[in-house]
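>>> model the following, please.
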Amino acid sequence: MYHEFFRQEQTRKPPVRNPQAGNVGATCEIKRPVLGAGIWSVSASDTWDDMRMSKTSISPMLSVRRGAKAVEFYKEAFGARELFRLDNEAGDVVAQLSVGDAEFWVADESPENKNFSPESLGGGTVRMVFVVDDPDALFARAVQAGATTVWPVADQEYGWRVGRLVDPFGHHWEIGKPLS
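Predicted coordinates:
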């Protein structure tokens, strides 16, 4: 599935971090594979000035079973919105979601490409840390949507108000905020 998505091309006007990468003011058109972040081919149309990146980011991609259901869960639990989505005939999904300015990806696991869900592994290898103004409210919303409490939101001796839950797809989320 990933290889199929990767081969599909999408034309965009993405930001480019380094204006010295070419002649400033030169024109270019960016074509990139959908999941090929960092792999760009350049031809003519936009100016480099139009493509400056305001920040660098890292967006996790959560491998899950039942990707379409996971997307719906994250919408209900966290108020996520879909920025991008591909579905294939088998029902597999690759979707880019956002909650506020934070972005993450969700994709059906792909064992043939070494992308396994926590359900396949018997647990996850990372935790998502979700910093929000009202961790109690978001935590309750996620539990109402089907997440399971690992430990409830509480003030911690290290200066955070935080709780931990596991979503129905095996990913652990720590939802909290600094106390001061």
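
>>> what helix or strand is the closest residue to D136 other than its chain neighbours on?
Closest residue to D136 apart from its sequence neighbours, by Cβ to Cβ, 6 or more residues apart in numbering: V153 at 5.1 Å. All C-beta atoms are positioned from the backbone trio N, CA, C, and that covers glycine. Using DSSP states H and E, the element containing V153 is strand 148-155.

>>> quick one: the next helix or strand after that strand to chain centroid distance?
Counting by DSSP H and E, the element after strand 148-155 in chain order, helix or strand, is strand 160-166. Remark: strand 160-166 is offset 19 Å from the chain centroid, using Cα atoms, centre = their mean, to the nearest Å.

>>> paired strands for strand 160-166, with orientation please.
strand 148-155 (antiparallel), strand 172-178 (antiparallel) (DSSP bridges).

>>> give me phi/psi at the residue nearest the centre of the chain?
The centroid of the chain falls nearest to F104 when counting by Cα atoms, centre = their mean (1.0 Å). Torsion angles at F104 (phi, psi; degrees, to the nearest 10) stand at phi -150, psi 160.

>>> surely it and A95 touch.
No - shown here, F104 and A95 do not form a contact pair, counting by Cβ atoms under 8 Å, at 9.5 Å.

>>> quick one: common contacting residues for those two?
Shared contacts of F104 and A95 (Cβ atoms under 8 Å, 6 or more residues apart in numbering): none.

>>> who does the nearest residue to W160 once chain neighbours are set aside bridge with?
Nearest non-adjacent residue to W160, counting by Cβ to Cβ, 6+ apart: G176, 5.0 Å away. Beta-bridge pairing for G176 (DSSP bridges): V131, V162.

>>> roughly how far apart are G176 and S120?
In this view, G176 and S120 are 28 Å apart by Cβ to Cβ, to the nearest Å.

>>> more crowded one of these two?
Each of G176 and S120 has its neighbours counted (other Cβ atoms under 10 Å); G176 has more, 23 against 13.

>>> many thanks, have a good one.
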